[in-house]
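In: Whatever this is, show me its structure:
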Amino acid sequence: METVTEFSDSVCPICMKDIECEKFFPLNDRGLLTMVNCALVYGHSALKDYIFSCDTSVRVHECCRKKYTDKRELENRREGIRKFSQLVPQKSFAQHVILLTSKETASIVELMLLKIQRIAAKTFGF
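Out: Next up is the predicted model:
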């Protein structure tokens, strides 16, 4: 089972391994939105971009999707963001909270997350 470094229809975009090696299924619209929101939380902009640009259905391994969208893992990541947000003035932070409704909005959210990640990396050293 070889791991590849580029997204394609023949690999799971989460683990980057051959899609045929495990049980898989195509994501519906709700599943795609969930994956994009998770990618934003995790800071995986390449996955988000792939989902938006994919002309065919996005297929993922069932076990990868379950792990990637696990509520506990997402909550742990969000908790870290919440702790960081306490360092940013609340009015400023609240102005940058945007609902994901379109590709343009996703780009804005991505830019804000990159800014937050850079500040967090400087502040916390990660």
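In: got a pLDDT number for Glu6?
Out: Listed pLDDT for Glu6 reads 83.
In: Repeat that for Ser53.
Out: At Ser53, the predicted lDDT confidence score is 85.
In: Likewise for Leu114?
Out: Looking at Leu114, its pLDDT stands at 71.
In: where's it relative to Lys48, distance?
Out: 12 Å (C-beta to C-beta, to the nearest Å). To be clear about C-beta, it is placed using only N, CA and C from the backbone, and glycine gets the same treatment.
In: More neighbours: which of the two?
Out: Shown here are Leu114 and Lys48; by other C-beta atoms under 10 Å, Lys48 has more neighbours (23 against 12).
In: name the element the more buried one belongs to?
Out: Assigned by DSSP states H and E, Lys48 belongs to helix 45-53.
In: what sits up against stretch 48-65?
Out: Residues outside stretch 48-65 that contact it (C-beta atoms under 8 Å, 6 or more residues apart in numbering): 7, 9, 12-15, 17, 19, 21-27, 31-32, 35-36, 39-40, 103, 106, 110.
In: of the residues you listed, buried ones?
Out: With burial judged by 16 or more other C-beta atoms under 10 Å, the buried subset of the contacts of stretch 48-65 is 7, 12-15, 17, 19, 24, 27, 31-32, 35-36, 39-40, 106, 110.
In: Which ones among these lie within helices?
Out: Using DSSP state H, the members of the buried ones among the contacts of stretch 48-65 that fall in helices are Gly31, Leu32, Met35, Val36, Ala39, Leu40, Ala106, Glu110.
In: I'd say the third one and Leu27 touch.
Out: Read that as Met35. Yes - between Met35 and Leu27 there is a contact under C-beta atoms under 8 Å: 6.4 Å.
In: From the chain's centroid, how far away is stretch 59-78?
Out: 10 Å (C-alpha atoms, centre = their mean, to the nearest Å).
In: typed the wrong thing, it's stretch 71-82
Out: Centre-to-centre, stretch 71-82 and its host chain are 13 Å apart (C-alpha atoms, centre = their mean).
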